[in-house]
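A.B. asks: need coordinates for the following:
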Amino acid sequence: MTANLLAHAPHLFSCGIARSGAYNRTLTPFGFQSEDRTLWEATDTYIKMSPFMSANKIKKPILLIHGEEDNNSGTLTMQSDRFFNALKGHGALSRLVILPFESHGYSSRESIMHVLWETDRWLQKFCVSNSSEDIASKNDESKETKGSEDKAVASGGGAVAELEDNGVDDSLFGATIGHWLFEETI
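C.D. replies: Okay, the predicted model is just below:
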């Protein structure tokens, strides 16, 4: 829902936070939620209900959080991974956080605290002010203070994400795996 709203009603929101989502409904071809028709019976509905198909329309910052071991057949972790790559390919401000050892709902204290930390940080950075001028101002400040760091290492998972110089605080972007804070240099 979050991704669909950012794609189709961006004037109403300054940013979004989506957890354990199903972004490409063609990956659930035999129905979803209250849709009983199959992909082949209602192709248009499946495409319209897939924010993945509208990734090019998402211009507002979006935080994606997903459990690494999501056992819900409609919301496998690859949904968030593929959606994040589509967003990144279209230049959207996005961040993907994968929580190790978590399923569709998050239960460990570390994961819950990390989700709260990520959410608070995202809201403070992009949602507190609904002004694009403030974001542009933060981008300018970030350019001035940014050092030579261009990679992030996630603690816990050891995944490395290459980050592009887009003039924004790079510690907020890229794919990460981990429970706690991550180091911002290699």
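A.B. asks: using PDB, write out the CA atom coordinates for stretch 73-90.
C.D. replies: C-alpha atoms of stretch 73-90 as PDB (Å, rounded to 0.1, in the frame of the first residue of the first chain):
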ATOM      1  CA  SER A  73       4.300 -17.100   0.200                       C
ATOM      2  CA  GLY A  74       3.000 -13.700  -1.000                       C
ATOM      3  CA  THR A  75       5.800 -11.600   0.600                       C
ATOM      4  CA  LEU A  76       9.000 -13.500   0.100                       C
ATOM      5  CA  THR A  77      12.100 -11.500   0.800                       C
ATOM      6  CA  MET A  78      12.900 -11.300  -3.000                       C
ATOM      7  CA  GLN A  79       9.900  -9.000  -3.400                       C
ATOM      8  CA  SER A  80      11.700  -6.200  -1.400                       C
ATOM      9  CA  ASP A  81      15.000  -7.000  -3.000                       C
ATOM     10  CA  ARG A  82      13.700  -6.700  -6.600                       C
ATOM     11  CA  PHE A  83      11.600  -3.700  -5.800                       C
ATOM     12  CA  PHE A  84      14.600  -1.900  -4.200                       C
ATOM     13  CA  ASN A  85      16.700  -2.700  -7.300                       C
ATOM     14  CA  ALA A  86      13.900  -1.300  -9.500                       C
ATOM     15  CA  LEU A  87      13.700   1.900  -7.400                       C
ATOM     16  CA  LYS A  88      17.500   2.300  -7.400                       C
ATOM     17  CA  GLY A  89      17.500   1.800 -11.200                       C
ATOM     18  CA  HIS A  90      15.100   4.700 -11.500                       C
END
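A.B. asks: what lies in contact with that stretch?
C.D. replies: Residues outside stretch 73-90 that contact it (CB atoms under 8 Å, 6 or more residues apart in numbering) are 3, 18, 20-24, 27-28, 32, 51-52, 55-56, 58, 62, 64-70, 94, 96, 98, 104, 175. C-beta coordinates here come from the backbone N, C-alpha and C atoms, glycine included.
A.B. asks: buried ones among those?
C.D. replies: 3, 18, 20-24, 27-28, 32, 51-52, 55, 58, 62, 64-67, 70, 94, 96, 98, 104, 175 (16 or more other CB atoms under 10 Å).
A.B. asks: circling back to that earlier point, tell me which of the contacts of stretch 73-90 fall in strands.
C.D. replies: 18, 62, 64-67, 94, 96, 98, 175 (DSSP state E).
A.B. asks: closest one to Leu12 out of those residues, please.
C.D. replies: The closest of the ones in strands among the contacts of stretch 73-90 to Leu12 turns out to be Ile62 (CB to CB; 14.0 Å).
A.B. asks: that closest one contacts Leu6, doesn't it?
C.D. replies: Yes - look at Ile62 against Leu6 with CB atoms under 8 Å: they come within range, at 5.9 Å.
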